[in-house]
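Visitor: just need the structure, nothing else, for what follows:
(2 chains)
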Number of protein chains: 2
Amino acid sequence: MADASKLAITDRTRVRRMPERGAYDREVINAILDEAFICHAGFVTDAGPVVIPTGYGRVDDKLFIHGSAASGMLRSLQQGIDVCVTVTILDGLVLARSAFHHSMNYRSVVVFGKATLVEDVEEKTTALHAISDHIIRGRWQEVRPPTAQELKATTVLSIPLYEASAKIRTGPPKDDASDYDLPIWAGVLPINSHYGEPLSDPKLEDGISVSDSVRSAKR
Amino acid sequence: MADASKLAITDRTRVRRMPERGAYDREVINAILDEAFICHAGFVTDAGPVVIPTGYGRVDDKLFIHGSAASGMLRSLQQGIDVCVTVTILDGLVLARSAFHHSMNYRSVVVFGKATLVEDVEEKTTALHAISDHIIRGRWQEVRPPTAQELKATTVLSIPLYEASAKIRTGPPKDDASDYDLPIWAGVLPINSHYGEPLSDPKLEDGISVSDSVRSAKR
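Guide: Presented below is the predicted three-dimensional model:
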């Protein structure tokens, strides 16, 4: 019986190298997608493969990306061509006793599918709200909402989260048995991302303080 | 006359959307490549486009990636197929007064080319040293160097930095003229990456302190 909490493994999503690092659970995949800021979208043009970084948002089992209606990437993708969307969070450098066993701790998700143009204004607005919330929760309610004109100038594409897998490495280095005696420090150097102090727009009018969404922003 | 400090712009590298954000200077491109940790490599398989995160290193005008000889990506790429390698550093969230003008500050590089298998042992060792230095300078000298066996088990590919461009956004939000009067906080929320405290391998023998390369690691 199919397990609804897991995605079916396909030829494209099966993690072949280091299969013990592979994960197909929706929860695991969604948590990585929700934590990262940007994805790298890969698609094929007449001139070969192209990989473009872009923001995104998630609603249930759909990933949304957006951009100017003039964007070359979005115009390509909305033709219904295959896309591969990859999201990577780097957690640390894995420093082994041998050069060979150096590695990184990371959490990544690879999504395969075809993008669909979101034309319905309501779904488009929901998607843009999700993309905004993904970047900084609550900001959407604080700002001027998009006009009909702006909605029209924005292309939103939906990519189904049906064919996806995660790959995760955690923990200390794994050295060769004979290397553990070497007098070499080994371990993990964690990499953390954090927000700096908000920088007000130089054109900000006097007396406007940093908004709630920005003050409470966490990642 | 060709300017050696700038890369020739091609159809693939020309920044079309927001051309003012494009840069083709070798120095600018190299600085971004040297600062980021990982790249996203995109290539085309029978099953469509695939985007994989991986570490890399740079020596002059060559980018090196490496991995197990069993890696599907490396086996594909060493056939001499087209690859697009993209590197992205996220610097901050750009919070405008309107939802529409929200953006991100970032520095990205897109490289197009074909990968070549590095077979010469000396060049392979130089490449692996560069990849190691890219992650953490000086670590290579502290650890057990690769054996002939390990070198053989490692595939190294070289990608020329001839066809590449950078795209950079910096600075505050750009709002519509009529929105500057709105009582909405606007500005930039910087994103910083930093190292946490080194975590020693639980299997580390007593009396081995954190090595110089790790203590002096900076990004």
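Visitor: all strands of chain A, in order?
Guide: Counting by DSSP state E, chain A has strands at residues A:22-23, A:38-45, A:48-55, A:57-59, A:62-68, A:82-95, A:103-114, A:116-117, A:154-160, A:163-169, A:187-195, A:199-200.
Visitor: quick one: list the elements packing against the helix of greatest length in chain A.
Guide: As assigned by DSSP state H, the longest helix anywhere in chain A is helix A:121-135. In terms of contacts (3 or more CB pairs under 8 Å, 6 or more residues apart in numbering or on different chains; DSSP states H and E), helix A:121-135 is packed against strand A:48-55, strand A:57-59, strand A:62-68, helix A:139-142, helix A:148-153, strand A:154-160. From N, CA and C alone the C-beta is placed, and that goes for glycine too.
Visitor: is the helix or strand of chain A with the lowest mean pLDDT positioned near chain B?
Guide: Using mean pLDDT, DSSP states H and E, helix A:72-77 stands out as the lowest-scoring helix or strand of chain A, at a mean of 87. Yes. Helix A:72-77 reaches chain B (CB under 8 Å from any CB of the partner chain) through A:Gly72.
Visitor: so A:Asp175 makes contact with A:Ser103?
Guide: No. Checked against CB atoms under 8 Å, the pair A:Asp175 and A:Ser103 is beyond contact range at 10.8 Å.
Visitor: let me see the backbone angles for A:Asp61.
Guide: Here is the backbone geometry of A:Asp61 (degrees, to the nearest 10): phi -110, psi 40.
Visitor: tell me how many other residues crowd it.
Guide: Residues lying near A:Asp61 (other CB atoms under 10 Å in any protein chain shown) number 13.
Visitor: same check on A:Glu150?
Guide: A:Glu150: 16 surrounding residues under other CB under 10 Å.
Visitor: same thing with A:Tyr180?
Guide: Using other CB under 10 Å, A:Tyr180 has 14 other residues around it.
Visitor: what do you get for A:Arg215?
Guide: Neighbour count for A:Arg215, taken as other CB under 10 Å: 11.
Visitor: and it, how far from A:Thr10?
Guide: Applying CB to CB, to the nearest Å, the value for A:Arg215 to A:Thr10 is 43 Å.
Visitor: apart from its chain neighbours, what residue comes closest to the most far-flung residue of chain A relative to its centre?
Guide: Each residue of chain A has a distance to the centre, and by CA atoms, centre = their mean the biggest one is for A:Asp181: 39.8 Å. Nearest residue to A:Asp181 in three dimensions, chain neighbours excluded: B:Glu205, at 7.3 Å (CB to CB, 6 or more residues apart in numbering or on different chains).
Visitor: check what pLDDT that neighbour gets.
Guide: Listed pLDDT for B:Glu205 reads 94.
Visitor: test my guess that it contacts A:Ile184.
Guide: No. If you go by CB under 8 Å, B:Glu205 and A:Ile184 don't touch, sitting 9.5 Å apart.
Visitor: and the two? Which one has more around it.
Guide: A:Ile184 (21 against 13).
Visitor: now do the same contact list for the nearest residue in space to that one that is not next to it in sequence.
Guide: Sequence neighbours aside, A:Arg97 is the residue nearest to A:Ile184 in space, at 4.5 Å (criterion: CB to CB, 6+ apart). Counting by CB atoms under 8 Å, 6 or more residues apart in numbering or on different chains, A:Arg97 makes contact with A:Pro173, A:Asp175, A:Asp179, A:Tyr180, A:Leu182, A:Ile184, A:Ala186, B:Val143, B:Arg144.
Visitor: what sits up against stretch A:163-170?
Guide: Residues from elsewhere that reach stretch A:163-170 (CB under 8 Å, 6+ apart): A:7-10, A:12-15, A:18, A:21-25, A:28-29, A:32, A:91, A:94, A:103-113.
Visitor: now do it: distance to the chain's middle.
Guide: Distance, stretch centre to chain centre, for stretch A:163-170: 12 Å (CA atoms, centre = their mean, to the nearest Å).
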